Every structure is written in structure tokens, then in C-alpha cells.
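Peer 1: below is the sequence, then the predicted model.
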Amino acid sequence: MNNNREHRHLSEIGVVKLVTLLQEGHSQQEVARRLGVSQSVVSRAWRRYRETGIYHRRQGQGRKRKTTYAEDRLLRISAKRKRFCTARELKNDLQLATGTTVSTDTIRRRLSEAELKPYRPATGPVLTAAHRRARLQFTHRHADLQIEDWRHVFFTDESRFCLSTNDRRRREFGGGQVNDLFNVPYKKWNGLVVDQLWFGVESLLRIVPTWDDIIVPVVETFGAIHGPGFVFMHDNARPHIANVVRQELVAANINVLEWPPRSPDLNPIEHLWDNLDRKIRALENPPRTLHELSIRLQEVWTAIHQEEIAALIKSMPSRIADCIRARGGHTRY
């Protein structure tokens, strides 16, 4: 664990880790690097432990601690119960409950001592009770499918890629005013709609204007080649569930996998969308026109190893199992 700023002291938990690492044979320099402190801190703590056998600092050393053990415990419990609280809110709660006034820096230090670090929360679609039931029913129906069964599924998904980085989504502070001064004009969206399709470990990346360019030349063709074991998967986007699309698939004798709504975590393609977007953004010379963007997307997609796609397909049983354990709720995917 490397910190940007080295600390002068270690918490009792930190000293326990320090002693354990040194007893395992690690050098003081390596332990200091892993704990994010200077080597002198490691040396002092190790010498104190060998002399006294204790992990905490001796009484009377350093500035008097502003919070007691009970107050530190209250902070830990409050931070775990109110996961989105700020250091200022915890400071105010502590003052209201105990009368102790400390700075927000002290609050952050106490949380750091307890190894409570801030993380960016995971995001996902809102799931109602009906959505959870549908997801749970879907996963129970397909819980017995093996990896070979999922190789017969033609996974599909679509995404937008644009030349601008913010995709036209502007923000304003203090918004709510409907006024010409705050009305932001925008240009027509300048990007590409990309369809990503899998069949087993074979993959395609199609840049298409309409769904008609997918159903007949791609889906029906692959369905005819593969035979009766072929299963087509697409999500519940409005163009996908339109009557004309349903009728076309029925006429072509395409078996459609009924997909539960709001379930991107069950579709392994979502991971490749993120991979594709990050690689496009990381290019030294980003595309400036739609034609260049189209070429770069195809190049980056072609460079993706088939082993990576195969690994994602193999994750389907785990995704199903995770959704069942979550009772239809969000999964780690």
C-alpha cells in the first residue's frame, strides 16, 4: 500500500502488520514501502515492540489524542452505516453525540487508521421488484446450462461512439432555470452506432444505420448455417421488441433468448464495450472524422484476442449463479 504522503506514526493495526512482515523475513525498507511510511518509523516501532512487547505507542509520546477509543468506534460504525457520508457530516455527528470537536482531517485520519478508504460506488440500473423477479426467473431457467450451451448463443448489443469526449451531456451548477442565458445550444450528435455480435468465440463488429442491416444479412445467415441449435440474444431496447422485428425473426425461424429487462450485467459484451472505448480514448492520435473513427474501431476490435472473448463467454454460469445469490439484484459484474 503506497500513500502519496508518508506518515510519521502507525496505528496499532499498522504496527501488527509491520511486526508480522518483519518476522516473516522482509527487510525494513520493503516493509516501509508497503506500509507507506519512512524506514525510521519502521525502525522505531520494531525497537519498541522488541523492548516492551506492545503494539501501541508509549504513554506521553506525541500530541494528546483528541478522540477516545469509544469515539473512534462511533466514527467507524457511523461511516459503515452511512456509506455516502462526508468527513464534515461525520464531524458534525460526532460533535452532536459526544460534544467533541475535531477537524475534518482528524476524521479522515481516524477512518484511515480503521482502513476505511473512499471508493467510487458501483453504478447500475434501478431494479424494481418486478425487474428482480424477472431476472431471478431467467437465471433459474438457465442455471443448468453449461459453457458449451452458451457457445450456441448469438450475443448482440449496440453502443454509441462519438468524436467528442462528453457526448454532448453538459452540466451546470445551480441549474433549474429555463432561461436563454442558461440554455446551451448543441450541434447534431456526431458519432456512430456500433453493433457488436458474437457467435461462440467468433465475433463481428458492425457499424450500421438500422436493424434491417443486421437481421437479414447477419442473424438469418448465421442461423441458417448453424441450424436448430442457434439461439439469438438481444436486449429489450424498443427497436428490438418492435412488431416488425419480432415478425421477421419468427419468419426466419430464429430462436430468441427471452432477455430480462435492465440486465446489462448478465451480458458479457458490456465488458468489451468498456475495453473498446478505453482503447480508443488512449490513442495518441484520436480520430477526427467519422470515417477515421470507423477505421479505428475496426482496428482496435480486430486486435482483441479471441481468448478474451472466450473467457467472457465462460463467465456466463458464474453470472447466472451470482444473480441467483443476489435474489435477482445487482451482481459484481
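Peer 2: That came in fine, so what should we check first? Residues are numbered from 1 along each chain as shown.
Peer 1: work out for me the element T156 sits within.
Peer 2: strand 153-162 (DSSP states H and E).
Peer 1: how far does stretch 262-275 stretch from start to finish?
Peer 2: Stretch 262-275 has an end-to-end distance of 21 Å (criterion: CA to CA, to the nearest Å).
Peer 1: off-centre distance for it?
Peer 2: 11 Å (CA atoms, centre = their mean, to the nearest Å).
Peer 1: ok, and for that stretch, which residues are buried?
Peer 2: Using 16 or more other CB atoms under 10 Å as the test for burial, stretch 262-275 gives R262, S263, D265, L266, N267, P268, I269, E270, H271, L272, W273. C-betas here are computed from N, CA, C, even on glycine.
Peer 1: the residues you listed in strands, which ones?
Peer 2: Assignment to strands by DSSP state E places none of the buried residues of stretch 262-275 there.
Peer 1: and those residues as TSV, adding distance to E71?
Peer 2: Converted to TSV, these look like this (distance: CB to CB, whole Å):
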residue	distance to E71
R262	42
S263	44
D265	40
L266	45
N267	47
P268	47
I269	49
E270	44
H271	43
L272	48
W273	46
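Peer 1: of all the residues you listed, which comes closest to L111?
Peer 2: Nearest to L111 among the buried residues of stretch 262-275 is D265, at 29.7 Å by CB to CB.
Peer 1: so the closest one is in contact with T331, correct?
Peer 2: Yes - counting by CB atoms under 8 Å, D265 does reach T331; the two are 4.9 Å apart.
Peer 1: overlap of the contact sets of those two?
Peer 2: Residues touching both D265 and T331 by CB atoms under 8 Å, 6 or more residues apart in numbering: R319, C323.
Peer 1: related to what we said a few turns ago, which two of the buried residues of stretch 262-275 have the greatest separation?
Peer 2: Across the buried residues of stretch 262-275 (CB to CB), the longest gap, 19.6 Å, separates R262 and L272.
Peer 1: mind listing what the nearest residue to P286 once chain neighbours are set aside touches?
Peer 2: Using CB to CB, 6 or more residues apart in numbering and skipping the chain neighbours, the partner closest in space to P286 is I280 (7.3 Å). Counting by CB under 8 Å, 6+ apart, I280 makes contact with F161, P286, P287, L293, R296, L297, V300.
Peer 1: in stretch 139-146, what counts as buried?
Peer 2: Buried positions in stretch 139-146, judged by neighbour count with 16+ other CB under 10 Å: T139, H142.
Peer 1: just the residues contacting that stretch, thanks.
Peer 2: So stretch 139-146 is contacted by L266, M316, P317, I320, A321, C323, I324, G328 (CB under 8 Å, 6+ apart).
Peer 1: right, I'll leave it there.
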